[in-house]
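*Asks:* What follows is a predicted structure for the sequence shown.
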Amino acid sequence: MDFFERQDHARRQTVRLVILFAISVAVIIAAVYVVALLIAQGGGSHAQGRSVATSMNLWDPGLLLAVAFSTIVVIAIGSLYKVSELAAGGEVVAQMMGGRLVDPQTTDLAERRLLNVVEEMSLASGVPVPQVFVLDNEPSINAFAAGYQPQSAVVAVSRGCLQYLTREELQGVLGHEFSHVLNGDMRLNLRLIGIVYGILVLSLIGYFVMRSAGFAGSSRNSDDRRGDNRATFFFIGLALYILGYLGVLLGNIIKAAISRQREFLADASSVQFTRNPSGLASALKKIGGLAEGSRINDPHAQEISHMFFSNAFAGSIFNLFATHPPLEERIRLLDPNFDGNYAGVEALPDAYVGLSSLTNQGAPAAHDAAVAAMASGLSSDAMPQLAGRPVSTDRDRIVSQVGTPQVEHLEHAERLVAGLPPMVVRAVREPYTARGIVFALLLSREDEATRNQQWQLLQAHAEPPLLQVVQQLSEQLDQLPAENRLPVVDMTIPALKRLSPAQYQAFRRIVEALTAADGKVDLFEYCLRVILFGYLDVQFGLRPAPSVRYKAVSAVSQPATIILSALAYAGQCQPNDIQQAFQAGTHDLLGQVQIVPPQECTFDTFDAALGELAQASPAVKRRILDAVVACIAADGKMTVEENELLRAVSAALACPLPPVPVR
């Protein structure tokens, strides 16, 4: 199952989820209706001295309509409230669980190691680097990823992960969580929370009705009719309380069943990503051997129990309520020779944590030499030839790797991060200097007049300390290989998310001004804008996150034609080559269509077309991306610039593309 099939599968799971919960709500409505019928007709029957059995009319359409409407409204309001509460992104969930945002400039070696692993796995998988939280009050080994979209995702780990897991084990756990990001599980998980909470509200209302009736009944009142009313309200509240909790019970069974299935997929994806089943298996074994296991103490853990890496509770008598497969079963799938015995677990020595967390960001000179050896493939001697050097053009392989990173992508990301100058690594992690990274990358390398004009713009709109940062960073960034520029932009995302809305608006205006300084926008500038604004505009509420509107290629034929026309013009110079590239892209997707005139292929029309295509279903996106690769690679090669454009298109379509290796 590839990325697009997994996304479709997650969407189908959502439909099944809605159907199952609709059935649950129908059962609750029927039960509430019966209770209401007993109270409404039973009381009157007793008052007249008749038995309930002989006088009750089981069909009361008016009462049924009132009960159904009231129940659905209560559940819907509760669900919408919870969903809207979580709509801001995974950060809300992490804070609800008592998570602490890891300071990007932390001096804690275990936290530095955690940040390094998250950055490497993000770059390898083609998703924006998420914010990282630590659950300081949880000594167990556990983790979760949360957020509606990859651009709003966060990763949270318990304190036990930092204390007990080696780097390889931590990679296995985080690979599992990244698979939830890539497989569309995060949105499904948050919807599960919302729907179950909606049913819980019914029970809460019943509790308050019971309390109100009970308090009212404590006062002396000679009016027997009022006393009967209090008793009636008490029994209504009791019925709602019981039925609501029975609904929550049923909801949790559904939630657990869906979660167990997704956990097996996440384990398999993690192994595929890291190519190291022993790392994940060893982390699971440490959970079995640790006294705290994977238990989470926070009272909100019940709400998000299905989102954790491992079971957040001691266990359940009934497997129906288990949100995760049995620990031993998960381990045996990774290590068939596991004998079922869990060894004791001790905290890692500080010396190991320090060694495994070192990068070239202020690391000792001896380690710098090791880093240089690791990054020998990124030597600056090869830079002059890099811009024209082709990258892989294996069309099927490129598309099949969307959302399915492999170990070579992780190794590439590790080398990339290790090869970055220490100043750059420090700068991408702090909001103030992260802006300087973006400004420095936008400074023209080829045209001195344009660069001078850009400096004048910066002097007019940026404060002197930031100008000094840009000057220092530009000297470092100008030496980077061309294919490393966009990954550096990806690394700034968590820091830029911490800007205030006013700071982001000012930052955005400067980026727009720098890209327009020479009167045109080149491919790198455009790709940077697509990736940066595509992620951050949603974060700061400047545009909504895309939802699925189009389920057939025919519904997006016009925007697809614009995209493929623009790509053909961008990658070719001769009219015959342009037409050939366009036809290579449209042949299987759209059939015989006319190329759009070049004057209509502006960045504005390209942006608008991407916005439309982002609302296509995963199956349609797969065909679009396949056509894009065919168009770009029609001449048998793909330059670094074309690869950057492919990455930008993939990011705009929310199809995370791992780095395509340079030949």
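*Replies:* Cool, the structure landed.

*Asks:* Tell me where the stretch 301-450 of the chain has strands.
*Replies:* With DSSP state E, counting those that start in this stretch, there are no strands along the stretch 301-450 of the chain.

*Asks:* Let me see the mean pLDDT of the helix or strand hosting Leu249.
*Replies:* Assigned by DSSP states H and E, Leu249 belongs to helix 224-274. Model confidence over helix 224-274, given as mean pLDDT, is 76.

*Asks:* Hmm, Val417 is touching Glu119, no?
*Replies:* Yes: at 5.9 Å, Val417 counts as touching Glu119 under the criterion of CB atoms under 8 Å. To be clear about C-beta, it is placed using only N, CA and C from the backbone, and glycine gets the same treatment.

*Asks:* Could you list the low-pLDDT ranges of the stretch 351-500 of the chain?
*Replies:* 351-396 (pLDDT under 70).

*Asks:* So which residues of it form helices?
*Replies:* 365-374, 383-386, 395-400, 407-419, 422-427, 431-442, 448-461, 464-477, 485-496 (DSSP state H, counting those that start in this stretch).

*Asks:* So which of those helices is nearest Ser70?
*Replies:* Proximity to Ser70, assessed across those by CB to CB, is greatest for helix 485-496 (44.5 Å).

*Asks:* and that closest one, how far out from the chain's middle?
*Replies:* Here the centre of helix 485-496 is set off from its chain's centre by 16 Å, with CA atoms, centre = their mean, to the nearest Å.

*Asks:* in stretch 23-39, what's buried?
*Replies:* Residues of stretch 23-39 classed as buried: 24-25, 28-29, 31-33, 35-37, 39 (neighbour count, 16 or more other CB atoms under 10 Å).

*Asks:* Would you mind giving those as a markdown table with distance to Asp108, pLDDT and secondary structure added?
*Replies:* Shown next, in a markdown table, are the buried residues of stretch 23-39 (distance: CB to CB, whole Å; pLDDT from 0 to 100; DSSP: H, G, I helix; E, B strand; the rest coil):
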| residue | distance to Asp108 | pLDDT | secondary structure |
| --- | --- | --- | --- |
| Ser24 | 45 | 79 | helix |
| Val25 | 47 | 81 | helix |
| Ile28 | 49 | 83 | helix |
| Ile29 | 53 | 85 | helix |
| Ala31 | 53 | 83 | helix |
| Val32 | 53 | 81 | helix |
| Tyr33 | 58 | 84 | helix |
| Val35 | 56 | 80 | helix |
| Ala36 | 58 | 79 | helix |
| Leu37 | 62 | 80 | helix |
| Ile39 | 60 | 74 | helix |
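
*Asks:* Tell me which two of these sit farthest apart.
*Replies:* Distances among the buried residues of stretch 23-39 were taken as CB to CB; the most separated pair is Ser24 and Ile39, at 22.7 Å.

*Asks:* before we move on, the earlier item: right, and the helices of the stretch 351-500 of the chain - which one's nearest Phe178?
*Replies:* helix 407-419 (10.3 Å).

*Asks:* Kindly calculate the angle that the closest one makes with helix 224-274.
*Replies:* 90 degrees (axes from the mean of the first three to the mean of the last three CA atoms, to 10 degrees).

*Asks:* for helix 407-419, packing partners?
*Replies:* helix 109-125, helix 224-274, helix 365-374 (3 or more CB pairs under 8 Å, 6 or more residues apart in numbering; DSSP states H and E).

*Asks:* Val157 falls within a helix, correct?
*Replies:* No: Val157: not assigned to a helix; according to DSSP: H, G, I helix; E, B strand; the rest coil it is strand.

*Asks:* give me every residue that touches the most centrally placed residue in the chain.
*Replies:* Most central in the chain under CA atoms, centre = their mean is Pro150, positioned 3.0 Å from the mean C-alpha point. The contact partners of Pro150, taken as CB atoms under 8 Å, 6 or more residues apart in numbering, are 127-128, 130, 181-182, 654, 656.

*Asks:* of all those residues, which two lie farthest apart?
*Replies:* Within the contacts of Pro150, Pro130 and Ala654 form the most distant pair, 14.6 Å apart (CB to CB).

*Asks:* which one of those two has more residues nearby?
*Replies:* Neighbours per residue, other CB atoms under 10 Å: of Pro130 and Ala654, the larger number sits with Pro130, 29 against 19.

*Asks:* For that one, which non-adjacent residue is closest in space?
*Replies:* Ala153 (4.5 Å; CB to CB, 6 or more residues apart in numbering).

*Asks:* quick one, what contacts that neighbour?
*Replies:* Shown in contact with Ala153 (CB under 8 Å, 6+ apart): 89-90, 127-128, 130, 145-147, 181, 186.

*Asks:* Which ones among those map onto strands?
*Replies:* Mapping the contacts of Ala153 onto strands (DSSP state E) picks out 145-146.

*Asks:* could the contacts of Ala153 go into JSON lines alongside pLDDT?
*Replies:* Formatted as JSON lines, the contacts of Ala153 follow (pLDDT from 0 to 100):
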{"residue": "Gly89", "pLDDT": "72"}
{"residue": "Gly90", "pLDDT": "84"}
{"residue": "Val127", "pLDDT": "84"}
{"residue": "Pro128", "pLDDT": "84"}
{"residue": "Pro130", "pLDDT": "89"}
{"residue": "Ala145", "pLDDT": "91"}
{"residue": "Ala146", "pLDDT": "89"}
{"residue": "Gly147", "pLDDT": "83"}
{"residue": "Val181", "pLDDT": "83"}
{"residue": "Met186", "pLDDT": "76"}
